[in-house]
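J.: Okay, structure incoming, though there's no sequence with it:
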Ligand SMILES: [Zn+2]
């Protein structure tokens, strides 16, 4: 079956055509690096499997006429020359690492689509004004080394290179040693200092595009996160001899908070709120619970939305009783992508005749770091059943091909500006 991204009658643009079959061959072919029998992939960052896929990508890009640069955290920048080499490059890319028992699409699709764009430009003799850089960011997944999105974080200055090098995995191997072991530690200033724009193609990792039968997600940002811990103290008492009116039941108060978290999220769309952890003391059938500790996760695309959700949560905890103590333990600000770059993605999708919807990413991405230093946007394609970080992760050849074509069209649009 052909993975031609444009259906008959929809060839409204004169953009050169990416080759969907060739992209699909790469997706299937690169899944052998860390691949499992069932189609899943385990390619932890800076492992030997990661080295193999990096070597493949570097050799492929060199063959297309790219120069290769590697920085101190092992990010790889493959740059295809433009007409005006004094201009900063337009960058695209994503990550080649996976979760343990991950899939064939999360991350690598954005890199492989970049490589397919390079091939298409070369074979059609299309010359951009700007250089075009395809990037592989080191350790997006954060599974072997924490934190996630490490390479893009170092590039954006959110994490220092020295600190990153010193971080260790569970076996005690540091990032620095792991980079040396696979031969991908470059110089601190070994990569480009800045880009004109950054566009990342990625699978949605959620169910929205599939559910609405929409071909392309125009990603407007990444939602923010706030984490809270709540400790509720009641009075342990005999479950048989303590009358209902005289109970100070910590779990009943906790239940009110759980329902309130759900309601607060529903009242602040598209916010989401979850109580994913609860510990009851003493956790015994015939004892009125004396204590509950819970962990709360709240997310919203805007800071104002997060503020409202937090205020409502604080109010709930106050009214539940003096025995409840709420602590704000961690947060991550929402990211709003650059409106002109988002617009370029939207216009490009429209020009190609694909159905599209604006969408906010529920998951973190390298693009969230890059957005702090470069005008940035993302393109989403559907994930079957919303699955990712799972060996069953799937995006069809046609869906991948449409994503690559929107990526190319967006690059051409940005290059004209
Ligand atoms: Zn990813």
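T.: Structure received. Quick caveat, the model's predicted, so the values are computed rather than measured. Numbering: from 1, shown residues only.
J.: Tell me if I'm right that residue 121 and residue 128 touch.
T.: Yes: using Cβ atoms under 8 Å, residue 121 is in contact with residue 128, at 7.0 Å. Every C-beta, even on glycine, is put in place using the N, C-alpha and C of the backbone.
J.: how about the helices in the stretch 251-400 of the chain?
T.: With DSSP state H, counting those that start in this stretch as the definition, the stretch 251-400 of the chain shows helices at residue ranges 303-320, 339-351, 366-370, 397-416.
J.: Can you give me the buried ones in the second one?
T.: The neighbour-count check on helix 339-351 (16 or more other Cβ atoms under 10 Å) flags 341-342, 344-346, 348-351 as buried.
J.: so how far is stretch 100-118 off the chain centroid?
T.: For stretch 100-118, the distance between its averaged C-alpha position and the chain's averaged C-alpha position is 13 Å (Cα atoms, centre = their mean, to the nearest Å).
J.: residue ranges with poor pLDDT in the protein?
T.: For the chain, applying pLDDT under 70 flags the ranges 1-14.
J.: now with 80?
T.: The chain contains residues with pLDDT under 80 at 1-15, 321-322.
J.: Quick one: classify the residue at the greatest distance from the centre of it as helix, strand or coil.
T.: Ranking residues of the chain by C-alpha distance from their mean position (Cα atoms, centre = their mean) puts residue 241 at the top, at 53.1 Å. With DSSP: H, G, I helix; E, B strand; the rest coil as the basis, the three-state label of residue 241 is coil.
J.: and for residue 121 and residue 128, which residues touch both?
T.: Common neighbours of residue 121 and residue 128, counting by Cβ atoms under 8 Å, 6 or more residues apart in numbering, are residue 80.
J.: Residue numbers of the stretch 101-250 of the chain in contact with the ion?
T.: Where the stretch 101-250 of the chain comes near the ion, counting by Cβ under 5 Å from the ion, the residues are 106-107.
J.: Deepest-packed of the helices of the stretch 251-400 of the chain, please.
T.: Burial of these is given as mean neighbour count (mean count of other Cβ atoms under 10 Å); helix 366-370 ranks first at a mean of 28.
J.: which other residues reach it?
T.: Outside helix 366-370, the residues within contact range by Cβ under 8 Å, 6+ apart are 91, 93-95, 137, 140, 149, 151-153, 155-156, 158, 195, 198, 200, 202, 219, 222, 335, 337, 361, 376-378.
J.: Kindly give a single ChimeraX line that selects the buried subset of those residues.
T.: Command for ChimeraX that selects the buried part of the contacts of helix 366-370, burial taken from 16+ other Cβ under 10 Å:
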select :91,93,94,95,137,140,149,151,152,153,155,156,195,198,200,202,219,222,335,337,361,376,377,378
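J.: so of the contacts of helix 366-370, which ones are in helices?
T.: Of these, the ones assigned to helices by DSSP state H are 151-153, 155.
J.: Looking at those residues, which one is closest to the ion?
T.: The closest of the ones in helices among the contacts of helix 366-370 to the ion turns out to be residue 152 (Cβ to the ion; 11.0 Å).
J.: and the closest one, how far is that from residue 107?
T.: With distances defined as Cβ to Cβ, to the nearest Å, the gap from residue 152 to residue 107 amounts to 12 Å.
J.: same thing with residue 80?
T.: When residue 80 is compared with residue 107 (using Cβ to Cβ), they lie 21 Å apart.
J.: Looking at these two now, which is surrounded by more residues?
T.: Looking at residue 80 and residue 107 with other Cβ atoms under 10 Å, you find the greater number of neighbours at residue 107, namely 29 against 23.
J.: Fine by me, we can end here.
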